[in-house]
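>>> Sharing a model prediction with you, sequence too.
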Amino acid sequence: MKSILPISPMQEFRKVTVVPSIERRGPIFRGGPIWPRWDTQVFARHCRRNRPVDSRPDDPETTPKVYDGSAIWIGPIYWQFGHQIAEFSTRIVQSMDERNGDKLIFSVMPQFVGKMTWETAPAHFRAISEWFGVSREIVELCHEPITIEHLRVAKQGEQLGGIGPSSQYLDLLDENWEKKTLSPDITKTTYVSRANLAPYFGSHAGALYLDDVLRKAGVNVIYPESMTLTAQLLAYKGAETLIFSEGSALHGLQLLGRGLGSVVVLNRRTVESSGPRRMAAPQIRPRARHLSYLNVVESLLQFYNAEEIGLANSAISLFNTERLLDEFNALGIDLRPHWDEKAYIDMKERDICSWLSTGWLRHVGERGISTQQLLLDDLDKAGLGHLRVFVTNTLVRT
């Protein structure tokens, strides 16, 4: 239902200096606008849970270039699809609605200052921008300090940390969809898989086997990384039931407004005993007819850092297969006639070995080998002690 109240107005500031990003803590950059009265600003800054989490950039050592006229601050360009949408793209739709000819200002990752162009920016950044009607001609990347005469900024439309979209923000997203006059890809059930991603990004062990069984049960299985962004969104918009393997692709729904079907998330980073993880629930719930999460992971295998903290984001998850089959059956998808437990176990163990090899090579500079005794313990607990020799040889070899 369309809101009768207006969206929060954009803030406007005079003579704001914008500087390149010089460092980052996770996805949070130190760079961008040096807002006046920094400590009192809230929604002009980057927020989570309605609280600023960024740090004031240093004043430039050289005199900034003067940018005459007005512009709009959007945020950083980031390498990761999910964070680019959930954190750094939620000012775009209002900014485009109220642009009045102004350019949109983005910062780049520190290692790309002075180098990145529209053409060399991450493909997902360009696709997200173009979804909202942003073209190369209206984008300005911050590679040097500039002082902008009039700088405007929209409030983030939604935030990490439990802050979902307002009705007014959803109205703008609905309008953006409607003006495209696109036809959704109508399906009864679509499953959004992570199985073709590199193993070190984290997945379910035996994910490709699950994909194959789902297809045999009549489910449409898609791999978003091999699709254009528009094709992804048409698939999401047209599915009566949309099942995600938990991951960044879920944030793609935040480019859409209302009117989604039932959304189901197959949890990946939570074991059954630790309580439900509800990734992006405040963001997805207002968009979907129904939202649910399936906790079917019995245990995780993960690398550990020097503080013996497990790195769950890149973990490989092990199904409780009986619970997995029961949960899909409750959705009206009977996998049992097609499920071969031995074939699943064979693929599961191949996936675990691939994850161990590629993950360790990727992370060897950050992990202490001594801490990986915890990983060996996890293998034993999962009934996979016969893989200990492979694991030990992998750690020694690298």
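Thanks, I have it. Numbers count the residues shown, from 1 in each chain.
>>> from here on, contacts and neighbour counts on C-alpha atoms
Noted.
>>> and residue 389, how far is that from residue 379?
As judged by CA to CA, to the nearest Å, residue 389 and residue 379 stand 11 Å apart.
>>> So for those two, which residue has more residues nearby?
Per other CA atoms under 10 Å, whichever of residue 389 and residue 379 has more neighbours is residue 379, with 20 against 10.
>>> and the more buried one, what element?
helix 373-381 (DSSP states H and E).
>>> so after that helix, what's the next helix or strand?
Counting by DSSP H and E, what follows helix 373-381 is helix 388-397.
>>> Quick one: residues in contact with that next one.
353, 356-357, 360, 369, 376, 379 (CA atoms under 8 Å, 6 or more residues apart in numbering).
>>> do the same with stretch 167-187
Under CA under 8 Å, 6+ apart, the answer for stretch 167-187 is 1-3, 5-7, 93-94, 132, 157, 220, 233-240, 255-258.
>>> Report all helices and strands that the host helix or strand of residue 106 contacts.
The secondary structure element spanning residue 106 is strand 103-107 (assigned by DSSP H and E). Applying 3 or more CA pairs under 8 Å, 6 or more residues apart in numbering; DSSP states H and E, one finds that strand 103-107 contacts strand 28-33, strand 65-76, strand 139-142.
>>> Quick check: neighbours of that strand in the sheet, parallel or antiparallel?
strand 65-76 (parallel), strand 139-142 (parallel) (DSSP bridges).
>>> Do a quick rundown of the helices in the stretch 1-150 of the chain.
With DSSP state H, counting those that start in this stretch as the criterion, the stretch 1-150 of the chain has helices at 81-86, 92-97, 123-131.
>>> For residue 63, find the nearest of these.
Residue 63 sits nearest to helix 92-97 of all these, at 28.3 Å, using CA to CA.
>>> Mind listing residues that contact the closest one?
72, 74, 129, 132-134, 153-154, 169, 172-173, 176.
>>> tell me which residues of it are tucked away?
92-96 (16 or more other CA atoms under 10 Å).
>>> From those residues, pick the one nearest residue 30.
residue 92 (20.2 Å).
>>> Top of the contacts of helix 92-97 by number of neighbours, please.
residue 72 (27 neighbours).
>>> for that one, what are its contacts?
95, 99, 102-105, 151-153.
>>> Generate a ChimeraX selection restricted to the buried subset of those.
Of the contacts of residue 72, the buried ones go into a single ChimeraX selection, burial set by 16+ other CA under 10 Å:
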select :95,99,102,103,104,105,151,152,153
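>>> Could you please name the strands the host helix or strand of residue 240 pairs with and the direction of each pair?
Per DSSP H and E: residue 240 is located in strand 239-245. Sheet pairing of strand 239-245 (DSSP bridges) gives strand 187-192 (parallel), strand 260-266 (parallel).
>>> the longest strand in this structure is where?
strand 11-25 (DSSP state E).
>>> for that strand, packing partners?
strand 28-33, strand 139-142, strand 146-153.
>>> Please name the nearest non-neighbouring residue to the residue nearest to the spatial centre of the chain.
Nearest to the geometric centre of the chain sits residue 82, at 1.7 Å (CA atoms, centre = their mean). Computed as CA to CA, 6 or more residues apart in numbering, the closest residue to residue 82 that is not its neighbour in sequence is residue 248, at 4.4 Å.
>>> and what of residue 88?
residue 75 (5.5 Å).
>>> where does this protein have low pLDDT?
1, 27, 271-276, 361-371, 396-398 (pLDDT under 70).
>>> ok, now how distant is the residue lying farthest from the centre of it from residue 200?
For the chain, the residue at maximal distance from the C-alpha centroid (CA atoms, centre = their mean) is residue 63, at 36.9 Å. Here the criterion is CA to CA. By it, residue 63 lies 44 Å from residue 200.
>>> Likewise for residue 387?
18 Å.
>>> just residue 372 next, same as before
For residue 372 relative to residue 200 (CA to CA), the value is 16 Å.
>>> And residue 17, by the same measure?
40 Å.
>>> Look at the residue lying closest to residue 19 once chain neighbours are set aside and say how many residues are nearby.
Leaving aside its sequence neighbours, residue 19 sits nearest to residue 145 (CA to CA, 6+ apart; 4.4 Å). Close neighbours of residue 145, defined as other CA under 10 Å, add up to 22.
>>> Show the contacting residues for residue 145.
Counted by CA under 8 Å, 6+ apart, residue 145 has contacts 17-20, 60, 63-65.
>>> Kindly indicate which of the contacts of helix 92-97 lies nearest residue 205.
residue 129 (33.9 Å).
>>> List the contacts of stretch 210-230.
Taking CA under 8 Å, 6+ apart as the rule, stretch 210-230 contacts 124, 127-128, 131, 187-197, 232, 249, 333-335, 338-339.
>>> Okay, domains of the chain per the record?
11-176, 192-397 (automatic domain parsing).
>>> Contact partners for the residue farthest from the centre of the chain?
Contacts of residue 63 (CA under 8 Å, 6+ apart): residue 145.
>>> Repeat that for residue 321.
residue 296 are the contacts of residue 321 under CA under 8 Å, 6+ apart.
>>> in the stretch 251-398 of the chain, which spans are helices?
Under DSSP H, counting those that start in this stretch, the stretch 251-398 of the chain gives helices at 281-284, 321-330, 341-363, 373-381, 388-397.
>>> so of those helices, which one's packed in deepest?
helix 281-284 (a mean of 20; mean count of other CA atoms under 10 Å).
>>> Centre of the chain to that helix, how far?
Computed by CA atoms, centre = their mean, to the nearest Å, the chain-centroid distance of helix 281-284 equals 13 Å.
>>> which residues are in contact with it?
Applying CA under 8 Å, 6+ apart, the set of residues contacting helix 281-284 is 158, 162-165, 253-254, 291.
>>> can you rerun that using 10 Å?
86, 158-166, 250-251, 253-254, 256-258, 260, 263, 265, 290-293 (CA atoms under 10 Å, 6 or more residues apart in numbering).
>>> Restricted to strands, list these.
Those of the contacts of helix 281-284 lying in strands (DSSP E): 260, 263, 265, 290-293.
>>> okay, residue 17 and residue 200: which has more neighbours?
residue 17 (23 against 20).
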